[in-house]
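Visitor: quick one, fold the following:
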Amino acid sequence: MIPDNIASNLSPNSRDLPQRLLEMAALEAYREGRITTFQMRELLGLSRMEIEGFLKDHGVYLDYTITELEHDRGALEELLNRHNR
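Guide: A predicted model of the protein is given here:
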């Protein structure tokens, strides 16, 4: 159990504390290179644009990997193929 005085320093609204702790853990894992932006998006339920804003708000630079580029390229190709049918 997190003491109230510490919990209030982490998140002003105690109902937001679990989400705030998840965000803090995700940011730290991302900074350490243990998760990708794609994994972070899945974990936090955010879009690509939202993740970019989230990282910027927390002073973290986007680390866009080749794997993520390939994933995004594949998704774009699939969308274009659907549109061209």
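Visitor: shaky segments in this structure?
Guide: Along the chain, segments meeting pLDDT under 70 span 12, 14.
Visitor: just the strands in it please.
Guide: With DSSP state E, there are no strands along the chain.
Visitor: could you report the neighbour count for Leu21?
Guide: When neighbours are defined as other C-beta atoms under 10 Å, Leu21 has 14 of them. (Glycine included, C-beta is placed from N, CA and C.)
Visitor: what's the spacing between it and Tyr30?
Guide: For Leu21, the distance to Tyr30 (C-beta to C-beta, to the nearest Å) stands at 15 Å.
Visitor: quick one: the helices in the chain, in order.
Guide: Along the chain, the stretches classed as helices by DSSP state H are 4-10, 17-31, 37-44, 48-57, 66-83.
Visitor: so how far is Ser47 from Arg82?
Guide: 19 Å.
Visitor: Ala7 too?
Guide: When distance is defined by C-beta to C-beta, Ala7 is 29 Å away from Ser47.
Visitor: what do you get for Ala26?
Guide: 15 Å.
Visitor: pick out whichever of the two has more residues nearby.
Guide: More neighbours surround Ala26 than the other of Ala26 and Ser47, with 21 against 9 (other C-beta under 10 Å).
Visitor: surely the more buried one and Met40 touch.
Guide: Yes: with contacts counted by C-beta atoms under 8 Å, Ala26 reaches Met40, the gap being 5.2 Å.
Visitor: look up phi and psi at the closest residue to Phe54 other than its chain neighbours.
Guide: Of all residues not flanking Phe54 in the chain, Leu46 sits nearest, at 6.2 Å (C-beta to C-beta, 6 or more residues apart in numbering). The phi/psi pair for Leu46 (degrees, to the nearest 10) reads phi -110, psi 150.
Visitor: how many other residues sit next to Leu46?
Guide: Residues near Leu46, counting by other C-beta under 10 Å, number 17.
Visitor: report the separation between it and Glu23.
Guide: Separation of Leu46 from Glu23 (C-beta to C-beta): 10 Å.
Visitor: again, but for Leu80
Guide: To Glu23, Leu80 is 33 Å away according to C-beta to C-beta.
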